[in-house]
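[1] have a look at this fold, sequence not included:
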């Protein structure tokens, strides 16, 4: 069983469209994250949710809206897609301070044409 | 200011050579965690190690070893007898633990692309 799963793995779309990326974790963790990896491989945090509550919003444009229906899911919705949104988006689930490990999903590669 | 610096953008070695990937970090927190992740060509992020700021013991895991030195704010990663399968981008990351629930917030370095030639 995949611990953190993201769908879709690949997404190609036109500028101006709205799209969503879904993330689910079966680890029972309370805290989930979205990270963005740009074309230069730089990884940066976007959002964090703890038990369905937003705790980090890292100056991400309003076009990006995370939604957490329950603590096992953290979806990312993007409105009015722009070329610069092309990136790999990683969902992650945090194991807590006992191990400190962040479990990453396999990533979702978004290409905006 | 960047919290994690990986000065080596790319490194190329020939199989069986030893290679060290450098990582320098910056933080004012007294409690923090340092990580190394591997990103192979397939794209996933693979957790390698986590070290907390109170544990400066070096660690060895098979061909991998890590040298943590608080005096120089460095957490370097050495691969001994490198293999072609070690080719990947390696990321060093920092988590500042004095901020409670944001512990999973990682500040990543820009990564080092390691290529191991046969």
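    The structure has been received and is ready for your questions. Treat the numbers as computed from the prediction; the structure is a model and nothing was measured.

[2] hey, let's count contacts and neighbours off CA atoms from now on
    Noted.

[3] give me the buried positions along the lowest-mean-pLDDT helix or strand in chain A.
    Ranking every helix and strand in chain A by mean pLDDT, DSSP states H and E puts strand A:53-57 at the bottom, with a mean of 82. Buried residues in strand A:53-57, counting neighbours by 16 or more other CA atoms under 10 Å in any protein chain shown, are found at A:54, A:56.

[4] what's that strand packed up against?
    Strand A:53-57 sits against strand A:43-50, with contacts defined as 3 or more CA pairs under 8 Å, 6 or more residues apart in numbering or on different chains; DSSP states H and E.

[5] hmm, who's touching the strand it packs on?
    Strand A:43-50 is contacted from outside by A:30-37, A:54-60, A:66, A:68, A:71, A:74, B:101, B:105-110, using CA atoms under 8 Å, 6 or more residues apart in numbering or on different chains.

[6] can you do 6 Å?
    Strand A:43-50 is contacted from outside by A:30-37, A:54-58, using CA atoms under 6 Å, 6 or more residues apart in numbering or on different chains.

[7] run through the bridge partners of residue A:94.
    Following DSSP bridges, residue A:94 is listed with bridge partners residue A:31, residue A:102.

[8] how many residues are close by residue B:61?
    Residues lying near residue B:61 (other CA atoms under 10 Å in any protein chain shown) number 10.

[9] could you say what helices and strands the very next helix or strand once past the least confident helix or strand of chain A packs with?
    Later in the chain than strand A:53-57, the nearest helix or strand by DSSP states H and E is strand A:64-70. Under the contact definition 3 or more CA pairs under 6 Å, 6 or more residues apart in numbering or on different chains; DSSP states H and E, strand A:64-70 sits against strand A:73-78.

[10] in what helix or strand does residue B:75 lie?
    Per DSSP H and E: strand B:74-79 holds residue B:75.

[11] elements contacting that strand?
    strand B:19-21, strand B:64-69.

[12] out of the ones you listed, flag the one nearest residue B:31.
    strand B:64-69 (14.2 Å; CA to CA).

[13] can you give me every residue that contacts residue A:18?
    Per CA under 6 Å, 6+ apart, neighbours of residue A:18: A:78-80.

[14] pLDDT wise, what is residue A:98 at?
    With respect to pLDDT, residue A:98 scores 68.

[15] quick check: residue B:36 touching residue B:95?
    No - if you go by CA atoms under 6 Å, residue B:36 and residue B:95 don't touch, sitting 11.5 Å apart.

[16] now the residue sitting nearest the centre point of chain A: how far from residue A:6?
    Note on chain A: the residue nearest the mean C-alpha position is residue A:34, at 3.2 Å, using CA atoms, centre = their mean. Using CA to CA, to the nearest Å, we find residue A:34 at a distance of 11 Å from residue A:6.
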